[in-house]
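Asks: Next input, structure requested:
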Amino acid sequence: MNKQELYHTVEAKKDEILNLSDKIWEYAELSMLETKSTAAYVALLKQEGFRVEENLCGIPTAFSGSYGSGSPKIGILGEYDALSGLSQVPGVAEKQPLVEGGCGQGCGHNLLGAASLAAAIAIKDAIAAGKLKGTVVFYGCPGEEGCAGKTFMARDGLFKDLDAAITWHPGDTNEVTTGSNAACMQMVYEFAGTAAHAAGNPWDGRSALDGAELMNIGVQFLREHMEPKCSIHYSVADAGGISPNVVQPTAKLVYMVRAETVRKAKALLARVNDIAKGAALMTGTSVTWHQLDGTSDTLSNTVLEQLLYDNLVEAPLPEYTREEWALAEALRKTYPHDSLPGDSVETNPVLKKQISQLSDKGAKAINDFVVPYYPAYHYSPGSTDVGDVSWLTPTAQFNTATWPSKVPGHSWQVVSTGKTGIAYKGLLYAAKVLAGTAMDLMEKPETLKAARDEFSETAAAGYDCPIGPEVVPSAQ
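Replies: Numbering: from 1, shown residues only. Predicted coordinates for the structure are as follows:
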């Protein structure tokens, strides 16, 4: 079939898709608490005639909508959770909370899920019209920001029966994601001591806060002896109270331990656990820990990446109004940065030259071009639960420009852009790319086989799930 028909469907459904995105932006629900968002998606899926499954893997805000039958079975992933502390008035170039201390869509997940669903609807309509054969499945994946919802879904084998999975993420470039990223383990450490008067009888006290501080110091010394691609971050979730004249009886730390692979992350975590034990021993306290979540490193699939790139080039790029360019420039000035997309020590110099030419040899307020694709290995120090999906089925993802150039993710600037034409145009562009790619996978069995063959080779070691069976998904 002609891809223009898919693009037409996306445009025809534009109003309800953008309305859905706006709703999710307004709800701004945190990880695993996305009840209103889930209800909105489920309602639209049912309205569109999808077979809906709710409460997937025992997670109340995880769901799926499928249409069609038989192979190929293509999964399209969606997200919708927000971030705390990022409430922001839309469409303005100054920090201005909508609700003081409220939440906001600082990673553009309102756009992510809506575009993925728009693509699924376009493929569904083509199957219903007899123009495509196979099954399309939209996955509502909760808790990407704080609970790694896809990891829990992958642990239960949810994506194993797919022939391929595709997804995207809002960003500041139109670009295929390639290479891999860090595996991550998120842990909570709770120290328990004995309260006492800090002046009257401190010898009777056992400070849990001392234990937590000594653990942090121990981990600081560990940093010198980690591999270069490892990193560790922490926060103090409970300091035991605000009274300095009390020996603090409780303290809680939250740690994220990252490494190049799940195996290396687990090994590094074992060393962190030993430091926690030592800190408790030194202070006469006790320590317990439990895992919140974990994510795997991502397996790159160059066959799918090339297909995504071809569709990024084939789909019509957004065009922006004078007002949108002005807003983008104003927002960009709130976070000045002169580098171009792809600027890093690992970037291919040929790629950097091409990007410079596409950018008119200068950074733009909106990157209104497609970054050339090079299937070279690139390592990102960040983490994503898309990695866990990639160990169960061939998986690939891309970005589209939904906020101004070099505006950082997880920022008020992203939230401000989330209900503007800049974001809407990036959303619709992403939907067309996803739909076009899914169509290619359904119509080109040789491409799908090549993707599966590559996956069989790269995933030969098998999926080493970063979370054990005892770990329960929960809101933080």
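Asks: Show the backbone phi and psi for residue 201.
Replies: With angles defined as degrees, to the nearest 10, residue 201 sits at phi -150, psi 60.
Asks: same check, this time on residue 413
Replies: phi -60, psi -40.
Asks: For residue 172, see how far away the closest residue to it other than its chain neighbours is.
Replies: Of all residues not flanking residue 413 in the chain, residue 407 sits nearest, at 4.4 Å (C-beta to C-beta, 6 or more residues apart in numbering). (C-beta placed from N, C-alpha, C; glycine too.) According to C-beta to C-beta, to the nearest Å, residue 407 and residue 172 sit 6 Å apart.
Asks: Would you mind telling me which of the two has more residues around it?
Replies: The neighbour comparison of residue 407 against residue 172 (other C-beta atoms under 10 Å) goes to residue 172, with 26 against 22.
Asks: who touches the more buried one in this structure?
Replies: 341, 367, 399, 401-407 (C-beta atoms under 8 Å, 6 or more residues apart in numbering).
Asks: Which members of these are positioned in strands?
Replies: 399, 401 (DSSP state E).
Asks: Going by distance to residue 258, which of the contacts of residue 172 wins?
Replies: residue 399 (21.1 Å; C-beta to C-beta).
Asks: these two touch, right, that closest one and residue 115?
Replies: No: the pair residue 399 / residue 115 is not scored as a contact, 11.5 Å apart, by C-beta atoms under 8 Å.
Asks: how about the strands in the stretch 151-300 of the chain?
Replies: Shown for the stretch 151-300 of the chain, the strands assigned by DSSP state E, counting those that start in this stretch span residues 164-171, 175-177, 180-181, 183-192, 231-238, 250-259, 286-295.
Asks: Packed most tightly, which of the ones you listed would that be?
Replies: strand 164-171 (a mean of 26; mean count of other C-beta atoms under 10 Å).
Asks: partners of that strand in the sheet?
Replies: Using DSSP bridges, strand 164-171 pairs in its sheet with strand 73-78 (parallel), strand 395-401 (parallel).
Asks: if we can go back for a sec, do you know how far the residue nearest to residue 413 is from residue 324?
Replies: 14 Å.
Asks: Kindly report the same for residue 450.
Replies: 39 Å.
Asks: Now for residue 399 and residue 115: what residues contact both?
Replies: With C-beta under 8 Å, 6+ apart, residue 399 and residue 115 have common neighbours residue 168.
Asks: So for these two, which residue has more residues nearby?
Replies: residue 115 (33 against 22).
Asks: thinking that one is in contact with residue 430, fair?
Replies: Yes: with contact defined as C-beta under 8 Å, residue 115 counts as touching residue 430 (4.2 Å).
Asks: Could you name every residue contacting both of these two?
Replies: Going by C-beta under 8 Å, 6+ apart, residues that sit against residue 115 and also against residue 430 are residue 168.
Asks: So between residue 450 and residue 324, which is more surrounded?
Replies: In terms of neighbours (other C-beta under 10 Å), residue 324 is the more surrounded of residue 450 and residue 324; the figures are 21 against 18.
Asks: For the stretch 1-150 of the chain, just list every one of the helices.
Replies: Secondary structure of the stretch 1-150 of the chain by DSSP state H, counting those that start in this stretch: the helices cover 3-12, 14-27, 35-47, 109-128, 149-155.
Asks: State the mean pLDDT of the third one.
Replies: So the one you mean is helix 35-47. What helix 35-47 shows for mean pLDDT is 98.
Asks: now swap in the longest one and tell me
Replies: Here helix 109-128 scores 98 as its mean pLDDT.
Asks: now swap in the second one and tell me
Replies: When pLDDT is averaged along helix 14-27, the result is 98.
Asks: Alpha carbons of it, as CSV, please.
Replies: This file holds the C-alpha atoms of helix 14-27, laid out as CSV (Å, rounded to 0.1, in the frame of the first residue of the first chain):
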residue,chain,number,x,y,z
LYS,A,14,-5.0,14.5,14.5
ASP,A,15,-7.5,16.2,16.7
GLU,A,16,-8.2,13.3,19.0
ILE,A,17,-4.5,12.3,19.2
LEU,A,18,-3.4,15.8,20.1
ASN,A,19,-6.3,16.0,22.6
LEU,A,20,-5.1,12.8,24.2
SER,A,21,-1.5,14.2,24.4
ASP,A,22,-2.9,17.4,26.0
LYS,A,23,-4.8,15.3,28.6
ILE,A,24,-1.7,13.3,29.5
TRP,A,25,0.2,16.6,29.8
GLU,A,26,-2.4,18.0,32.1
TYR,A,27,-2.7,14.9,34.2
